[in-house]
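Participant: Fold the following, please.
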Amino acid sequence: MDQDALKRQAAETAYQHVREGEWLGVGTGSTVNHFIDVLAERQPSLQGCVSSSEATTERLKAAGFEVVELNTAGDLPLYVDGADEVNAHLELIKGGGGALTREKIIAGASRHFICMVDESKQVELLGRFPLPVEVIPMARSFVARQLVKMGGKPELRENFTTDNGNPVLDVHNLEILNPIEMEDRINAIPGVVTVGLFARRPADTLIVAAAGGVETRTR
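Facilitator: Residues are numbered from 1 along each chain as shown. Model prediction:
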């Protein structure tokens, strides 16, 4: 089964958690695009959506859903997103698409965070996928030097700025033995907007699509 088919299966499973009449937080990425396709087909009567990126906002509006600011919606009952890596504790690396800061804000404001992945995203140790770090432009080189001291090899993501107008450093060669500690250390560097480690706020439910079927795990 190809990855698109697996992502579609994960999206259909996540849709089962959507409740009509409520706010829905929607993340960013290829698996989320399949989830938005499912929303477009089923057309649930939602109070509205809160989106983690301009790209997701456009897709949701094209599918006929109202998108509002998180400031308007307040705390959300449900947030659905994907991940670049996930470990057994449902701690994640996110930000391959560059929406990590808004994703982390919405995850923090949501009572239930569902993460959808295909089986290739499961790892024993986070860090094989380069760790994204969004930074204030003037702090880019300073932050990079601090990341080198931590054993990382940061690379500027070429020709890219986030929806917040900031560059992203992708950090290679990090061995993330303690994700919460690493998240705190990187977030404490002046000039870091946020790091793509979701360990302080991991997923509550993980949906894993594999060739043999879809598995749902809860924390």
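Participant: What's opposite the nearest residue to Glu183 once chain neighbours are set aside in the beta bridge?
Facilitator: Spatial nearest neighbour of Glu183, excluding adjacent residues (Cβ to Cβ, 6 or more residues apart in numbering): Leu197 at 4.0 Å. C-beta coordinates here come from the backbone N, C-alpha and C atoms, glycine included. According to DSSP bridges, the partner residues bridging Leu197 are Ile93.
Participant: What is the burial count for Leu197?
Facilitator: Neighbourhood size, Leu197 [other Cβ atoms under 10 Å]: 32.
Participant: wait, what's in contact with it?
Facilitator: Glu91, Leu92, Ile93, Leu126, Leu131, Ile176, Pro179, Met182, Glu183, Ile186 (Cβ atoms under 8 Å, 6 or more residues apart in numbering).
Participant: the domain parsing of this structure - what is it?
Facilitator: Following automatic domain parsing, the chain resolves into domains at 3-121+200-218, 131-195.
Participant: Any idea how far apart the tips of the shortest one sit?
Facilitator: Taking Cα to Cα, to the nearest Å, domain 131-195 runs 8 Å from one end to the other.
Participant: before we move on, the earlier item: out of the contacts of Leu197, which end up buried?
Facilitator: Glu91, Leu92, Ile93, Leu126, Leu131, Ile176, Pro179, Met182, Glu183, Ile186 (16 or more other Cβ atoms under 10 Å).
Participant: Which of those fall in strands?
Facilitator: Judged by DSSP state E, the buried ones among the contacts of Leu197 include Leu92, Ile93, Leu131 as members of strands.
Participant: any chance of these in JSON lines, plus distance to Ile105 and pLDDT?
Facilitator: Shown next, in JSON lines, are these (distance: Cβ to Cβ, whole Å; pLDDT from 0 to 100):
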{"residue": "Leu92", "distance to Ile105": "15", "pLDDT": "98"}
{"residue": "Ile93", "distance to Ile105": "17", "pLDDT": "98"}
{"residue": "Leu131", "distance to Ile105": "18", "pLDDT": "98"}
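Participant: any idea how far the closest residue to Val168 other than its chain neighbours is from Glu124?
Facilitator: Take Val168 and drop its neighbours on the chain: the residue closest to it by Cβ to Cβ, 6+ apart is Arg157, 4.3 Å away. Separation of Arg157 from Glu124 (Cβ to Cβ, to the nearest Å): 26 Å.
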